[in-house]
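Visitor: missing the sequence, but the structure's below:
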Ligand SMILES: Cc1cc2nc3c(=O)[nH]c(=O)nc-3n(C[C@H](O)[C@H](O)[C@H](O)COP(=O)(O)O)c2cc1C
Ligand code: SF4
Ligand code: SF4
Ligand code: SF4
Ligand code: SF4
Ligand code: FES
Ligand code: FES
């Protein structure tokens, strides 16, 4: 692979600027640049072979000195994988096969290969606002040189040279950034709590456990921007006075693990992590810790227990990790996307950041759009975007002539929002008022072929299976609620049982120890709020209006037999 | 250590700031229901029976793990709380298989006492009738999983007081189960010293001495406090 590797230590902003300039100069020698997405989705359909074929083709044609092919990041529309971009022509090719590379190379600077073109000017791309994923896939995720050339590590060195730790905290507070791990806790406030705690040792943890069904935003950000997440963590370490950090990532994300591991090593090699970062006073060492995929290990106290080598069980809070976290020490724990937002905030300033979003929910948020929607994939929009814009403009609406029914946000602790609230905006408060939740960014669209009781049952099954079992209401309550929902979908539910289900929702929500149990009733509560008629149809008429529990019009109690007409 | 003043059920009282609500309330004659808490071992916070209301907080707090603070106003009894407590106890009854009339702990069982204190006269949730086993492989003791409420008192006492760590919880959610060593029969355990502390600490008839007939098993987990005091005096 043609790649430029630097060896020098970076000990000042000048060094950094020099490395960036040299790398840009090196890139500029090439007339043409091509990026092949090496994200998980594209790699799973052999984008690696496409990359290799492109490099061979260019070599065979003797054009190595004018064309540079690099691995790139996720474009967002992973359903069209593998994707190849040619930035200077502003082109995106989709479903590219190794056999197509000759045409693509021949078309550089010429007429595009029209049969492979992907519409990259449409609403899916144009209505997004990318702050966290601003390189739109056009950055080699494994190259620290390319990251530096694109402005990387400037924010860290700027913070170290020009800001006091307090200033950094203040900047974060001014930006209005709120935690992207779900609850939206003000990031600056959390940082100031950890900064104020007095202790010999403090820790910074990046929560990359991402266990919501259907969510892959954090995976994508880690895969594409490993250096930026590390840079954000280092700025945090400086602000709160920590010298050690952990990235806790699930083992099911092998590519993210590989990229972060390599990024740590490469940043250490160049003096951008480790002792005396940028020859300044900051010592910050980062290690990676793998989770085994339990959803509850994303809960901060369970995650900390898992890093300590214990079982991933949540502990009652307070004390919050900011006061007593890893090994009993003050610990800052933030989501991947929260850390990734720190770099643009320091680079462009808090005022700039605060212009994006709504008065109480600043900035952008990444979402994993999925379900019954035309454009599935990873998108980033300013907070305050309406659900309608998200689903019908960016998402392209519901396919196959079906009718939109609801959108589920917030994962297993979230809720289903019906059509009459499509003009609601995506921000922490509004989603909460609608009985849903921002969560980490899963967004599942449902149409008239989705049964809302079945959806509630699906999420309850997930929560029951993922309950750690420590506290009684969640351990036993989710199992009971799942059984009740199951009986309703089989036409065996009664009105009395529905009342019991509602009262169990109340008990489990308010008595469970951690967010898993406290949030588990939400999908039931929100479907009961907006789609009670569907519950009644199952219980009273023994029918499933969506035709999921039995074909439309048929009695859901009838045992279905493959041989019956 | 600072002393703080607070109000529990409209009663003014004081406590040290490192004390939890449960103990300060107890010292002043206010009993809060508990099952997983036991003096002499660490707190667990899992049974949720000790939940109380704290003025100014939308969330309920577990009294056994929440420290008192200056000016705190706590309420330990309300219709809402007793409703929640009843449902939680009902959940415990439906989770296992409890047939009190034939149980060694009949009339000496904390779960049974809890249900009468909370005036539970019937169980409205469906029984789950799990298939659970009895481990009678130990020379002296029996573990009947049907009566286990997964409070982990045995786990903590064996680990923290006896230092053997024979017990642990395997699985998760409704599949959680108490196991000895690496899921071997208790009688084959290498770590168990047969001290009997877990049996005394167990609030139900799940752990009991061999040879006891229905209603004959009487436990006294208070010894743990004396052990803890003795340890504290020595050090
Ligand atoms: C059951 C459960 C699962 C969670 N999973 C995650 C997760 O995968 N990633 C995450 O960042 N936060 C997760 N959280 C939230 C964390 O506990 C914590 O609030 C978050 O990491 C804080 O980061 P933030 O302030 O940047 O949002 C989860 C919480 C609960 C209750
Ligand atoms: S709420 Fe559920 S996941 Fe959380 S501690 Fe209780 S049992 Fe475990
Ligand atoms: S353990 Fe207690 S509640 Fe269970 S059967 Fe025995 S006496 Fe009854
Ligand atoms: S008898 Fe003693 S050593 Fe054996 S399991 Fe019980 S507490 Fe542990
Ligand atoms: S055996 Fe007894 S002490 Fe141990 S978890 Fe079960 S009920 Fe609790
Ligand atoms: S992984 Fe290639 S476009 Fe998303
Ligand atoms: S006694 Fe407090 S949670 Fe069990």
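Guide: Everything's here; your move. Predicted model, so just to flag it, every value in this text is computed and none were measured. Numbering: from 1, shown residues only, chains lettered A, B, ... in the order given. Ligands and ions are numbered 1, 2, ... in the order given.
Visitor: What residues does residue A:419 make contact with?
Guide: With contacts defined as C-beta atoms under 8 Å, 6 or more residues apart in numbering or on different chains, the neighbours of residue A:419 are A:404, A:405, A:406. Placement of C-beta: from N, CA and C, glycine included.
Visitor: interface residues of chain B facing ligand 5?
Guide: Remark: the part of chain B in contact with ligand 5 comprises B:148-154, B:178, B:201-204, B:206-207, using C-beta under 6 Å from any ligand atom.
Visitor: Just send those back as CSV, with secondary structure, neighbour count and distance to residue A:258 too.
Guide: CSV is the format used below for the residues of chain B next to ligand 5 (DSSP: H, G, I helix; E, B strand; the rest coil; neighbours: other C-beta atoms under 10 Å in any protein chain shown; distance: C-beta to C-beta, whole Å):
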residue, secondary structure, neighbour count, distance to residue A:258
B:148, coil, 21, 43
B:149, coil, 27, 44
B:150, coil, 24, 39
B:151, coil, 26, 43
B:152, coil, 24, 38
B:153, helix, 29, 44
B:154, helix, 25, 43
B:178, strand, 23, 39
B:201, helix, 25, 47
B:202, coil, 28, 48
B:203, coil, 26, 49
B:204, coil, 27, 49
B:206, coil, 28, 47
B:207, strand, 29, 48
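Visitor: So which of these is the closest to ligand 2?
Guide: Using C-beta to the nearest ligand atom, the shortest approach to ligand 2 within the residues of chain B next to ligand 5 belongs to residue B:150, at 10.2 Å.
Visitor: Please identify the nearest residue in space to that closest one, excluding sequence neighbours.
Guide: Counting by C-beta to C-beta, 6 or more residues apart in numbering or on different chains, residue B:176 is the residue found nearest to residue B:150 once chain neighbours are left out, at 5.6 Å.
Visitor: Outline the domain layout of the chain.
Guide: Defaulting to chain A. Per automatic domain parsing, the domain ranges recorded for chain A read A:26-121, A:163-354, A:364-447, A:452-541.
Visitor: Can you look at chain B instead?
Guide: The record assigns chain B these domain ranges, following automatic domain parsing: B:3-77, B:100-234.
Visitor: Now for residue A:415: which residues touch it?
Guide: Taking C-beta under 8 Å, 6+ apart as the criterion, residue A:415 is in contact with A:408, A:409, A:434, A:435, A:436, A:437, A:522, A:523, A:525, A:526, A:527, A:529.
Visitor: List the contacts of the nearest residue to it once chain neighbours are set aside.
Guide: Residue nearest to residue A:415 in three dimensions, not counting chain neighbours: residue A:526, with 2.9 Å by C-beta to C-beta, 6+ apart. Contact analysis of residue A:526 by C-beta under 8 Å, 6+ apart lists A:414, A:415, A:416, A:417, A:434, A:435, A:436.
Visitor: show me where pLDDT drops low in chain B?
Guide: Applying pLDDT under 70 to chain B flags residues B:234-235.
Visitor: cutoff 90 now
Guide: Segments of chain B classed as low confidence (criterion: pLDDT under 90) are B:1, B:220-235.
Visitor: rewinding a little: before we move on, could you check phi and psi at the residue nearest to residue A:415?
Guide: Note on residue A:526: backbone dihedrals following degrees, to the nearest 10 are phi -70, psi -40.
Visitor: Determine which of the domains of chain A approaches ligand 4 most closely.
Guide: Using C-beta to the nearest ligand atom as the measure, domain A:163-354 is the one of the domains of chain A that comes nearest ligand 4, at 18.5 Å.
Visitor: in the chain, which residue is closest to the centre?
Guide: All of this is about chain A. With distances taken as C-alpha atoms, centre = their mean, residue A:217 lies nearest the centre of chain A, 2.2 Å away.
Visitor: um, chain B though
Guide: To find the centre residue of chain B, average its C-alpha atoms and take the closest one (C-alpha atoms, centre = their mean): that gives residue B:36, at 2.4 Å.
Visitor: May I ask you to confirm that that residue is in contact with residue B:153?
Guide: Yes: checked against C-beta atoms under 8 Å, the pair residue B:36 and residue B:153 is within contact range at 6.6 Å.
Visitor: which residues do the two both contact?
Guide: Shared contacts of residue B:36 and residue B:153, defined by C-beta under 8 Å, 6+ apart, comprise residue B:44.
Visitor: Which residues in stretch A:70-81 does the neighbour count mark as buried?
Guide: Across stretch A:70-81, burial judged by 16 or more other C-beta atoms under 10 Å in any protein chain shown covers A:70, A:71, A:72, A:73, A:74, A:75, A:76, A:77, A:78, A:80, A:81.
Visitor: I misspoke; the intended subject was stretch A:538-547.
Guide: Neighbour counts over stretch A:538-547 (16+ other C-beta under 10 Å) mark A:538, A:539, A:542, A:543, A:544, A:545, A:546 as buried.
Visitor: and for that stretch, what are the contacting residues?
Guide: Judged by C-beta under 8 Å, 6+ apart, the contacts made with stretch A:538-547 from elsewhere in the structure are A:405, A:448-454, A:488-489, A:491, A:493-495, A:498, A:533-534, A:537, A:549-550, A:552-557.
Visitor: picking up where we left off before, just the residues of chain B next to ligand 5 now: which is nearest residue B:140?
Guide: Minimum separation from residue B:140 among the residues of chain B next to ligand 5 (C-beta to C-beta) is found for residue B:207, which lies at 10.8 Å.
Visitor: Ligand 1 versus the closest one, what's the distance?
Guide: Distance of residue B:207 to ligand 1, given as C-beta to the nearest ligand atom, to the nearest Å: 31 Å.
Visitor: Tell me which residues touch the closest residue to that residue other than its chain neighbours, please.
Guide: The shortest distance from residue B:207 to any residue that is not its chain neighbour, by C-beta to C-beta, 6+ apart, is 4.5 Å, and that residue is residue B:199. Contact partners of residue B:199, counting by C-beta under 8 Å, 6+ apart, are B:141, B:154, B:207, B:208, B:209, B:219.
Visitor: doesn't the last one fall inside a helix?
Guide: No: if the criterion is DSSP: H, G, I helix; E, B strand; the rest coil, then residue B:219 is coil and not within a helix.
Visitor: what element comes up after the longest helix along chain B heading to the C-terminus?
Guide: Across chain B, the longest stretch assigned as helix under DSSP state H is helix B:79-95. Proceeding C-terminally, helix B:79-95 gives way to helix B:110-117 as the next helix or strand, assigned by DSSP states H and E.
Visitor: Let me know the distance separating the closest residue to residue A:91 other than its chain neighbours from residue A:93.
Guide: By the measure of C-beta to C-beta, 6+ apart, the closest residue to residue A:91 outside its immediate chain neighbours is residue A:112, 5.3 Å from it. According to C-beta to C-beta, to the nearest Å, residue A:112 stands 8 Å off from residue A:93.
Visitor: Equivalent analysis for residue A:146, please.
Guide: In this structure, residue A:146 and residue A:93 are separated by 21 Å, where distance is defined by C-beta to C-beta.
Visitor: shouldn't residue B:93 be in contact with residue B:114?
Guide: No: taking contacts as C-beta under 8 Å, residue B:93 lies outside contact range of residue B:114: 10.0 Å.
Visitor: Find the residue closest to residue B:119 in space, skipping its chain neighbours.
Guide: Take residue B:119 and drop its neighbours on the chain: the residue closest to it by C-beta to C-beta, 6+ apart is residue B:86, 8.0 Å away.
Visitor: My error: substitute residue B:178 in the last question.
Guide: The nearest residue in space to residue B:178 (C-beta to C-beta, 6+ apart) is residue B:148, at 5.4 Å.
Visitor: ok, the one you found - contacts?
Guide: The neighbours of residue B:148, taking C-beta under 8 Å, 6+ apart as the test, are B:96, B:132, B:177, B:178, B:204, B:206.
Visitor: Just send these back as a markdown table, with distance to ligand 6 too.
Guide: As requested, the contacts of residue B:148 are exported to a markdown table (distance: C-beta to the nearest ligand atom, whole Å):
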| residue | distance to ligand 6 |
| --- | --- |
| B:96 | 48 |
| B:132 | 47 |
| B:177 | 41 |
| B:178 | 45 |
| B:204 | 53 |
| B:206 | 51 |
